[in-house]
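*Asks:* no sequence on this one, just coordinates:
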């Protein structure tokens, strides 16, 4: 877990977790003046959104409220973990999946 330095664009790290459109907004607004904190959280949020959509397609095929509810709780917890990390201006990876997202989207924000 790394602590990032303060910048005027730090709020974009929080915006990255608010819908996929928020992730795109944070990505494009961070292109001019690179901020490591924002780039880190854009990679995390993009990975979470894409994984949620991909798995949600298959989870929707199950006709079970227990499976659907556990799926949504899992992703809500991961998104909240990322948002609270962005609020604290820390670069802590999402449990289990975070290192994979950082490696997969390593070209974003470089």
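*Replies:* Looks like it arrived, so ask away. All of these numbers come straight from a predicted model, not from anything done at the bench. Residues are numbered from 1 along each chain as shown.
*Asks:* contact partners for the most centrally placed residue in the chain?
*Replies:* By C-alpha atoms, centre = their mean, the chain has its centre lying nearest to residue 45, at 1.6 Å. Applying C-beta atoms under 8 Å, 6 or more residues apart in numbering to residue 45 gives the contacts 16, 17, 22, 23, 26, 82. Heads up, the C-betas are built off the backbone N, CA and C, glycines and all.
*Asks:* among these, who's most crowded?
*Replies:* residue 16 (30 neighbours; other C-beta atoms under 10 Å).
*Asks:* against residue 101, how distant is that one?
*Replies:* Taking C-beta to C-beta, to the nearest Å as the criterion, residue 16 is separated from residue 101 by 12 Å.
*Asks:* who touches both of these two?
*Replies:* Shared contacts of residue 16 and residue 101, defined by C-beta under 8 Å, 6+ apart, comprise 44, 46.
*Asks:* mind putting the contacts of residue 45 into JSON lines with distance to residue 89?
*Replies:* Putting the contacts of residue 45 into JSON lines (distance: C-beta to C-beta, whole Å) gives the following:
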{"residue": "16", "distance to residue 89": "13"}
{"residue": "17", "distance to residue 89": "14"}
{"residue": "22", "distance to residue 89": "18"}
{"residue": "23", "distance to residue 89": "18"}
{"residue": "26", "distance to residue 89": "14"}
{"residue": "82", "distance to residue 89": "13"}
